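Peer 1: next comes the sequence, and after it the predicted model I'd like to discuss.
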Amino acid sequence: MKKALSILSIFGAAVFAALVPDAAFAQEATSGELTRLGLALGAGLGIAIAAGVAGLGQGRATAAALSGIARNPGASSKILTPMIIGLALIESLVIYALLIAFLLQGKI
């Protein structure tokens, strides 16, 4: 977890360093351009983070369900239905993030 957090922070610093000098020190940059830049970054990073975290959550849920089924094959019907419902709810959160990303892209 610490390694992923450090990689994410390095990536964020690199993106910040790449974007800030152009927007902050350019004389033609207006607040409208910075707003559009923020909306574009918010939409792109929002859907990327949502999809990545949902993929991790779905993988952990599926692994736990399959582990439970492997330990007790007779309970597979009782495990499978809640797992499918849980996966659908996780996926619906990603669809909400996609909808928000589309709404943000429409404001650009």
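Peer 2: It's in. Numbers count the residues shown, from 1 in each chain.
Peer 1: next structured bit after the helix ranked longest in the chain?
Peer 2: The single longest helix within the chain, with elements called by DSSP state H, is helix 31-71. Downstream of helix 31-71, the next assigned helix or strand under DSSP states H and E is helix 76-106.
Peer 1: tell me how far that next one is from the chain's mean position?
Peer 2: Centre-to-centre, helix 76-106 and its host chain are 12 Å apart (Cα atoms, centre = their mean, to the nearest Å).
Peer 1: again with stretch 41-56
Peer 2: Using Cα atoms, centre = their mean, the mean C-alpha position of stretch 41-56 is found 2 Å from that of the whole chain.
Peer 1: separation between the most far-flung residue of the chain relative to its centre and residue 51?
Peer 2: Here the chain reaches farthest from its C-alpha mean at residue 74, the gap being 35.6 Å by Cα atoms, centre = their mean. Remark: distance between residue 74 and residue 51 (Cβ to Cβ, to the nearest Å) = 35 Å. No exception for glycine: its C-beta is placed from N, CA and C like everyone else's.
Peer 1: repeat that for residue 86.
Peer 2: Residue 86 is 17 Å from residue 51, where distance means Cβ to Cβ.
Peer 1: how about residue 102?
Peer 2: Using Cβ to Cβ, we find residue 102 at a distance of 14 Å from residue 51.
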